[in-house]
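1. Okay, sequence plus prediction incoming.
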Amino acid sequence: MIRPKKKAKAVVKTVSYKDCPAKSFNNNGNIIVGRSVENHCQIVGEVAKELILRSPVSDLFPEGAAFTAATHDIGKVSPTFYNKIMNACSRELLPNVNFKLEKNWNGHAGVSQLTAKQLNAPEYIPEILGQHHGFSPAVVGMRANDNNFGGVEWQAEREKLVNALQKSLGETWPQVESAAQARLLAGLTSVSDWIGSGYHFEDPSELWKDRITAAVDDAGFVPVFYKPGLKFKDVFGFSPRQAQSSLIEQVSCPGVYVLEAPMGLGKTEASLYAAYRMLENGEASGIYFALPTQLTSNKIYERFQCFLEQILARDCDHRSLLLHANAWLFEKDMGEEGRPGGAWFNQSKRGLLAPFAVGTIDQALMAAMNVKHGFVRAFGLAGKVVILDEVHTYDAYTSTLLDALIELLRQLGCTVIILSATLNQERRESLLKRKTTSMNYPLITASPNETEIEVTEVSVPAGEDKPYQITLQSNESLAVEQALFSAEQGQQVLWIENTVKEAQQRYLDMAARAAELGIACGLLHSRFTVDDRQNIEEKWVNLYGKAGWEQRQVQGRILVGTQVLEQSLDIDADFMVSRFAPTDMLLQRLGRLWRHDETPRCDKAKPEAWLLAPDLVEAIESPQQHFGASAYVYSPYVLCRSLDVWKSMTSVNLPGDIRSLIEQTYVSRDEQGCMRRWQYELDHGIRNRKGRIALQQLARVGLAQGGNTLPESKAQTRYSETDSYEVLMLRNISQDCECALLTLLDGSQVELPLQRHKLGKQEWRQRTATLMRQIVNVPPGDKPKSVPADTFRRFGLHHCFYLGNPDWHEKDESVLHVALVGDADSLSGVENKPIHDKHTLEYRDDLGYRVIKNQEL
C-alpha cells in the first residue's frame with residue numbers, strides 16, 4: 001500500500017518585532033502604517049507609570065504593574081496581525097497567511113495571553129493580557145508556538161520584544177497577591193492602552209515621550225483640590241442633625257459604614273459630608289454615588305453638583321466640568337475605546353473613571369463580575385468613597401453580587417457608605433461580613449478596614465412618629481374614583497405602579513377624566529428620551545416639591561409613575577395609591593407622603609395611602625395571577641411574605657414601625673405548601689431568572705477563573721432588573737454619498753459625515769452628545785428587532801455609538817437599536833424594516849416608549 005505524501009507545511013516569513021506595526025494611521029483619508037508594536041507598548045507602559053504615580057492608592061499596585069500594561073500587545077507580533085495592518089494600508093502581504101483567521105482566537109489579545117503563558121509569567125498575568133479588550137479570548141487548547149501564530153520563529157520575536165520592554169521600563173512582571181489586585185492591574189492595563197492609543201500618539205512621525213503627561217491630563221486624571229476646613233453648615237446651609245453628626249464622626253478611615261435611618265432624615269447630606277472629610281484628609285480620591293436603578297431622578301445630579309460646587313477649590317481644574325452632568329465625558333479624551341463610537345464612550349461607564357460621578361449600582365456591581373471591562377470599573381472605583389444609596393433587604397437578584405462588590409471595594413482601599421431605610425439584621429451582617437447585635441433604629445454600624453472582627457454600633461434619635469392611615473384595596477376602579485375625588489378637592493395625589501406598562505395604562509385611564517374635572521395629570525417613568533424625561537421632571541418634581549408650594553392651592557393634581565417616585569426624590573403628596581410591593585418599597589413610597597410638616601395642604605387632606613393588593617390566600621395559591629405583572633418584577637415569595645405582614649394593617653407609624661415591619665417580612669422561617677415552592681424559586685430560580693444560589697456562584701467568578709466573559713447587556717438582564725437596550729428615537733434618517741441626515745423628534749437635524757476624518761474630535765463629541773439625549777432604555781422583550789451593524793454603519797452611526805465588535809461580533813447584530821417615529825406616533829424600522837415580530841411600538845412625549853400587544857389594538 002502506498003501512503004499519500006504529507007502536505008508540506010507552508011513556510012511563513014518571519015518579520016522582526018521592530019518592524020511589526022501596532023496600528024494603521026488615517027492621514028487625511030490616506031491609510032498608512034502607524035506606530036510599531038514596540039513603540040506603542042513603550043507608550044502604554046509609560047502612561048501606566050504616570051497613572052500609578054497619580055493614583056491615591058499607588059501602594060495597591062505591585063512593582064511591575066506598568067510592565068504588565070506595556071506587554072498587553074506583544075501578541076501583535078504575529079503573521080496574521082501583520083497582514084491585517086498591511087491589508088488595511090494596501091501594502092504587500094506575507095504569503096501563506098490568512099489574517100481573517102484571527103477571529104478564531106479573538107485576535108492579538110489571545111496571542112498575548114498565550115505568549116505570556118509560554119514565558120511562564122506569574123499567576124494572573126496571562127489572563128490580564130488576554131482580557132485587555134474587556135473579555136476572555138478563545139484560546140483553550142492553543143499554544144504560543146502554534147503555526148497559526150508563526151511557530152517558534154515568531155514566538156522568539158515576541159520574546160525579544162518582552163526583553164526589550166523589560167530593559168526600556170526597568171521592570172518585569174509582578175507577583176500578584178490576590179484576585180482583587182489582579183482586577184486593579186487589569187483595569188490599569190486597559191485604561192493605559194486607551195490613553196496610549198489616543199490622538200497624542202496617533203501620528204507615528206511625531207515624538208511621544210514629552211506627550212505622556214499631557215495625554216494623562218487630557219484623560220481627566222488630574223489632581224483635585226478642595227476648600228479646606230468647611231463645616232457642615234458651610235456646605236449645605238443648615239446645621240447637622242444628631243444622626244448626621246454621628247455618621248460623620250464614625251467615618252474616619254477606609255471601611256464599610258451603614259446608616260439606617262428613615263426617609264427624609266438627611267442620609268444623602270450626611271454621606272456626602274463624610275466623603276468630603278475623607279477627601280480633605282487625603283484618605284480618598286473621589287466619590288461614586290450609586291443609585292438603585294436608571295429610573296432614579298436627575299434631581300440627585302443637581303444635589304450632587306451643588307455639593308461639589310461648595311467643596312471644590314476655585315482653581316480646581318474639575319470645577320469647570322460642573323456646568324453639565326456629562327461634561328467630563330465630552331471634554332476628556334480616553335483614546336480609542338473612549339472616543340465617540342467606542343465601547344467605553346458612555347457616561348454610565350466612563351463616569352466610574354471620573355473623580356466624581358453619579359451612576360447606578362449596576363455599573364458598580366459589574367466591577368466584581370466577569371463581564372466585559374468589569375475590571376476597568378474596579379480600577380475606576382479604587383480608593384474612592386462609594387456611596388450606595390437606597391439599599392434594601394429586598395435585593396433577591398443582586399444581594400450576593402453586592403456582597404462581593406463590597407468585599408472587593410474593601411480590598412481596593414475604598415470607603416463604602418451604605419444608606420438604607422429598610423435593612424434587617426441578617427442583611428446588614430451579610431453586607432458587612434461581621435456579626436452585629438443592635439436592633440435599634442435609626443442605627444449606624446461602622447466596620448473600619450483596620451479592625452478585622454469588631455464593629456461599632458451607634459444608636460441615634462428617631463424623631464417623632466408620623467401616623468399614616470392604610471387601606472388595602474382590591475377594587476382598582478374604586479381606587480381610581482378615590483384618586484380623582486381627592487384631586488378634585490385640591491389634593492396632590494401620587495399613584496405608583498410597579499411596571500411602565502401599568503403606569504401608562506393608568507395614566508390613559510385617568511388623564512381625560514382629570515382634564516374634564518380641571519385636574520392636572522402627569523406621567524413619569526424610565527422610558528422617555530433624556531430630553532422628554534428632563535422636561536417632565538422639571539415640571540412635576542418641582543410641583544410636588546418645595547418649589548411648588550405656592551402653586552399647590554391652584555389645582556389638584558395626579559402624578560402617575562413607577563419606582564422612580566419612591567427613591568431619591570424630595571416630593572410630597574397629600575394622598576397616595578400604590579400597587580402592592582415588598583415591604584421595603586412600600587415604606588420608601590410612604591416616605592413621599594406628608595414628607596414635610598410645613599408643606600401647605602388642602603384642608604381635607606390626611607396622611608392616607610391605599611395599597612392595591614389581592615387576598616392573601618388567593619395570592620399564595622397563584623401569585624402570577626393575583627399580583628399580575630408585579631410577580632415578574634418582584635419575587636412572588638417576598639410579595640406574599642410582605643402581604644402577610646400588611647394584610648390586617650389599618651395604620652402605620654413611621655419611623656417607629658420600620659424595624660419591626662422589615663424583620664417580620666424577612667425573618668427566616670420554614671415554609672409549607674405553596675409558600676415552600678415560592679421560597680424554593682427564590683433560592684434556585686426559574687427559567688427566566690436565576691436564584692440566589694446560582695448568583696452566589698456567579699459572583700465568585702473572578703478574573704483568573706476563565707470562562708466566557710459576558711457582554712454587558714446580557715449581564716444586566718441576567719443579573720438585575722434594569723432596562724438595558726438602547727433605542728435611538730428619530731423622525732427620519734437618510735444619506736447620500738458623503739453624509740447622513742438625522743431628523744430628531746423636535747424636528748431639528750444632525751449631519752453625520754460618513755468618513756470620520758471629516759470632523760474633529762470635539763465636533764464628533766458634540767453630535768454624539770445631542771444624539772445621546774434621544775436614547776430610550778428598554779428591556780429585552782420590548783426592543784426593536786436587531787439589524788446588522790453594517791446597516792447603521794452606512795449611516796455613520798458607528799462614529800457616535802458602539803455597535804459591537806466589527807471583527808468578531810457573534811452575529812454582527814448592532815447593540816444599538818433605532819426606531820423612527822411616524823406622524824401617528826407608531827414606530828418603524830430603518831429602511832422600512834419590521835420593528836417588532838409580536839407587538840406594535842409607539843412613542844409619545846407624554847406616554848414615552850409604549851408596547852402594545854397586537855391583540856390589544
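-> Done, it's in.
2. Give me the nearest residue to residue 114, chain neighbours excluded.
-> residue 144 (4.1 Å; CB to CB, 6 or more residues apart in numbering). C-betas here are computed from N, CA, C, even on glycine.
3. just checking, the one you found touches residue 111?
-> Yes: between residue 144 and residue 111 there is a contact at 7.2 Å, judged by CB atoms under 8 Å.
4. Need the residues touching each of those two.
-> Jointly contacting residue 144 and residue 111 under the rule CB atoms under 8 Å, 6 or more residues apart in numbering are residue 158.
5. Which of those two has more residues huddled nearby?
-> residue 111 (33 against 26; other CB atoms under 10 Å).
6. Let's test this: what are the backbone torsions at the more buried one?
-> Main-chain dihedrals, residue 111, degrees, to the nearest 10: phi -70, psi -40.
7. list the contacts for it?
-> Taking CB under 8 Å, 6+ apart as the test, what residue 111 contacts is 74-76, 78, 81, 105, 144, 149, 158.
8. Residue 493 now?
-> With contacts defined as CB under 8 Å, 6+ apart, residue 493 is in contact with 483, 486-487, 556-559, 573-577.
9. Return the member of those nearest to residue 228.
-> Ranked by distance to residue 228 (CB to CB), the contacts of residue 493 are led by residue 573 at 41.4 Å.
10. what's the distance between the residue nearest to the closest one when sequence neighbours are not counted and residue 207?
-> Nearest residue to residue 573 in three dimensions, chain neighbours excluded: residue 494, at 4.0 Å (CB to CB, 6+ apart). Between residue 494 and residue 207 the computed distance is 62 Å (CB to CB, to the nearest Å).
11. Check which residues of the lengthiest strand in the chain are buried.
-> Using DSSP state E to define each element, the chain has its longest strand at strand 466-473. Buried residues in strand 466-473, counting neighbours by 16 or more other CB atoms under 10 Å, are found at 466, 468, 470-472.
12. Send me it as PDB with only the CA atoms.
-> Taking Å, rounded to 0.1, in the frame of the first residue of the first chain, the C-alpha atoms of strand 466-473 are listed here in PDB:
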ATOM      1  CA  LYS A 466     -45.900  60.100  61.900                       C
ATOM      2  CA  PRO A 467     -49.200  58.100  61.700                       C
ATOM      3  CA  TYR A 468     -50.400  57.000  58.300                       C
ATOM      4  CA  GLN A 469     -53.800  55.500  57.600                       C
ATOM      5  CA  ILE A 470     -53.500  52.400  55.400                       C
ATOM      6  CA  THR A 471     -56.300  50.800  53.300                       C
ATOM      7  CA  LEU A 472     -55.700  47.600  51.400                       C
ATOM      8  CA  GLN A 473     -57.900  47.700  48.300                       C
END
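13. contacting residues for residue 491?
-> Residue 491 neighbours (CB under 8 Å, 6+ apart): 556, 574-575, 601-602, 604-605.
14. Oh, that last question was meant for residue 582, not what I typed.
-> Counted by CB under 8 Å, 6+ apart, residue 582 has contacts 392, 394, 634-635, 638-639, 642, 665.
15. partner residues bridging the closest residue to residue 496 other than its chain neighbours?
-> Distances taken as CB to CB, 6+ apart place residue 578 nearest to residue 496, at 4.5 Å, with adjacent residues excluded. Beta-bridge partners of residue 578, counted by DSSP bridges, are residue 496, residue 611.
16. Please report the number of neighbouring residues for residue 578.
-> 24.
17. cool, and residue 25?
-> Per other CB under 10 Å, the neighbour tally for residue 25 reads 16.
18. Can you report phi and psi for the closest residue to it other than its chain neighbours?
-> Distances taken as CB to CB, 6+ apart put residue 34 closest to residue 25, at 3.8 Å, once the chain neighbours are dropped. Residue 34 adopts backbone torsions of phi -90, psi -150, taken as degrees, to the nearest 10.
19. Surely residue 34 and residue 201 touch.
-> No: with contacts counted by CB under 8 Å, residue 34 stays clear of residue 201, the gap being 9.2 Å.
20. Spatially nearest residue to residue 274 (excluding sequence neighbours)?
-> Nearest to residue 274 is residue 251, by CB to CB, 6+ apart, at 4.0 Å.
21. Pull the number of nearby residues for that neighbour.
-> Neighbour number of residue 251 under other CB under 10 Å is 26.
22. what residue lies at the spatial centre of the protein?
-> residue 363 (2.7 Å; CA atoms, centre = their mean).
23. is it true that the residue nearest to residue 573 touches residue 566?
-> No: if you go by CB under 8 Å, residue 494 and residue 566 don't touch, sitting 9.4 Å apart.
24. Show me where the stretch 301-450 of the chain dips below the pLDDT cut-off.
-> Within the stretch 301-450 of the chain, the ranges that satisfy pLDDT under 70 run 319-351, 393-398.
25. tell me the domain ranges of this protein?
-> Domains of the chain are assigned by automatic domain parsing as 17-218, 232-459, 466-654, 725-856.
26. so how far is the third one from its chain's centroid?
-> Distance, stretch centre to chain centre, for domain 466-654: 27 Å (CA atoms, centre = their mean, to the nearest Å).
27. Would you mind measuring the gap between the ends of that domain?
-> When the termini of domain 466-654 are compared using CA to CA, to the nearest Å, they are 5 Å apart.
28. State the mean pLDDT of it.
-> Average pLDDT, domain 466-654: 94.
29. quick one on the thing from earlier: I'd like the distance from the residue nearest to residue 25 to residue 73, if you could.
-> Taking CB to CB, one finds residue 34 at 12 Å from residue 73.
30. Give me the common contacts of the two.
-> Counting by CB under 8 Å, 6+ apart, the residues touching both residue 34 and residue 73 are residue 22.
31. ok, those two, which is more surrounded?
-> Ranked by neighbour count (other CB under 10 Å), residue 34 and residue 73 place residue 73 first, with 27 against 23.
32. tell me the contacts of that one?
-> Residue 73 touches 22, 37, 40-41, 44, 108, 112, 132, 193, counting by CB under 8 Å, 6+ apart.
33. now, which of the residues you listed lie within helices?
-> Among those, DSSP state H puts 37, 40-41, 44, 108, 112, 193 in helices.
34. Just the buried subset of those residues, written out for ChimeraX, thanks.
-> With 16+ other CB under 10 Å as the criterion, this ChimeraX line picks the buried residues out of the ones in helices among the contacts of residue 73:
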select :37,40,41,44,108,112,193
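35. which of the ones in helices among the contacts of residue 73 lies closest to residue 661?
-> Looking across those and measuring by CB to CB, the closest to residue 661 is residue 193, at 50.4 Å.
36. The closest one contacts residue 131, correct?
-> No: applying CB under 8 Å as the test, residue 193 and residue 131 come out as separate, 11.4 Å apart.
37. which of residue 494 and residue 207 has more neighbours?
-> In this view residue 494 and residue 207 are compared by other CB under 10 Å, and residue 494 has more residues nearby, 25 against 7.
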